[in-house]
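K.L.:
Provided below for reference: sequence and predicted model.
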Amino acid sequence: MARAAFVLTIRPDKVEQYLAAHREVWPEMRDALREAGFRNYSIHLSGRQAFGYFEADDPAAALAAMAATEVNTRWQDRMAELLEQRVDDDGPGLLPEIFRLD
């Protein structure tokens, strides 16, 4: 299982709305993430920076599978109102791993 991480910046006046959206992620979005191969997915917050982490057999394939879903398009349309930069259809840019302790 490969690990993947990304960072998104929330608009200054939209942090509470971003948090509220993630407290109640649509069931069909959760299902699509699982079906696409996302596992152990979490998002952490530092100020306006949302740090996402997930595991997948193939993170690029999992992101591509999500990009092909209608529910992801609807979710990204909603998130575009809250984030400083819209997430591309193929997903957020993934961060390089620089340290690991297993």
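P.N.:
Looks like it came in fine.

K.L.:
what packs against the helix or strand encompassing residue 31?
P.N.:
Per DSSP states H and E, residue 31 falls inside helix 27-36. If contacts are counted by 3 or more CB pairs under 8 Å, 6 or more residues apart in numbering; DSSP states H and E, helix 27-36 sits against helix 59-67, helix 70-80. Where you see a C-beta, it was placed from the backbone N, CA and C, and this is true even at glycine.

K.L.:
what about 10 Å?
P.N.:
strand 39-46, strand 49-56, helix 59-67, helix 70-80 (3 or more CB pairs under 10 Å, 6 or more residues apart in numbering; DSSP states H and E).

K.L.:
Looking at the ones you listed, which is nearest to residue 25?
P.N.:
Among the helices and strands packed on helix 27-36, the nearest to residue 25 by CB to CB is helix 70-80 (8.2 Å).

K.L.:
Which residue comes closest to residue 56 once chain neighbours are left out?
P.N.:
Excluding the flanking residues, the one nearest residue 56 by CB to CB, 6 or more residues apart in numbering is residue 62, at 4.0 Å.
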